[in-house]
Structures are given as C-alpha cells and as structure tokens.
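A.B. asks: curious how this folds, go ahead:
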Amino acid sequence: MACRISELVIDAADAERLAVFWSQVLGYVELGREDDGSIELGPPDAGFGGPQPTLVISPSSDPRTGKLRLHIDVSPTDRDQDTELERLLALGATPVAFGQTGNWHVLTDPEGNEFCLLHSRLRPV
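C.D. replies: This next block holds a predicted model:
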C-alpha cells in the first residue's frame, strides 16, 4: 500500500485572507476551523479523504525567508489559460518573472507564495 497526499498546509500571516484567495482559486469551501486558527478548505461534497487533497491555512508569525522549496501548480478546468490568468490576477495573484521557459505562468498568492498556472486544461474532478 502506498501513501497519497491528503492535505497541504500553508503557513500564513493572515489566514483569513489566504483562505479566501485559495477557496476562490480552487473552488473549495471551508471544511472547518481549529482552535489555533487554522482553516481547512476542500472540494464541496468531498472533504478530507476525497480524490483531491484539502488545503489547511495555518496562522503563523514566523517570517518567511527566501523562495519556497515546494510550490503548487494549478491547471484551468473550464476555460483557457489566458482567461484563467486574468481571473487569478483579479483575485489578487501577482505575476513573477523568473525567466522560465514553457507554457506556464509563475504567480504569487497574496502572501508571496509562488504557484504556477499550467497551460493544460484538466477535467474537473
């Protein structure tokens, strides 16, 4: 038996703001809150343990230093990449120029966490 990713955890200075951003990006809903202020997000009607991992936004006052060693890649499901890029920018994403080549866009979320918008369109789960 192998493992699979069940949840991703992102530390955040403003967990509320980041939870709203990622909920809108992924079409996730709030699944719950912990006493420490963590907010768990996930696909509607699936929740933890479903086919997609949940996302936990965890409050943290630790300063971020440098580029993250892990980042999230997202793919559009119901529109082309250019239209999705416009939507992500309107939600608060910021473009980043790392000099990459390829059919993807490097962006940051409202707290500066890097993520990529890929070109390939995926079917919704």
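A.B. asks: in stretch 110-125, which residues are buried?
C.D. replies: Across stretch 110-125, burial judged by 16 or more other Cβ atoms under 10 Å covers 110-111, 113, 115-118. Quick note: C-beta positions are derived from backbone N, CA and C, even for glycine.
A.B. asks: now stretch 59-69
C.D. replies: By neighbour count on 16+ other Cβ under 10 Å, the buried set for stretch 59-69 is 59-60.
A.B. asks: endpoints of it, how far apart?
C.D. replies: Taking Cα to Cα, to the nearest Å, stretch 59-69 runs 19 Å from one end to the other.
A.B. asks: then stretch 7-16?
C.D. replies: End-to-end for stretch 7-16, by Cα to Cα: 18 Å.
A.B. asks: now tell me what touches that stretch from outside.
C.D. replies: For stretch 7-16, the external contacting residues (Cβ atoms under 8 Å, 6 or more residues apart in numbering) are 18-19, 22, 37-40, 48, 53-62, 64, 72, 110-111, 113.
A.B. asks: then stretch 46-56?
C.D. replies: 5-10, 22, 26, 28, 31, 38-43, 125.
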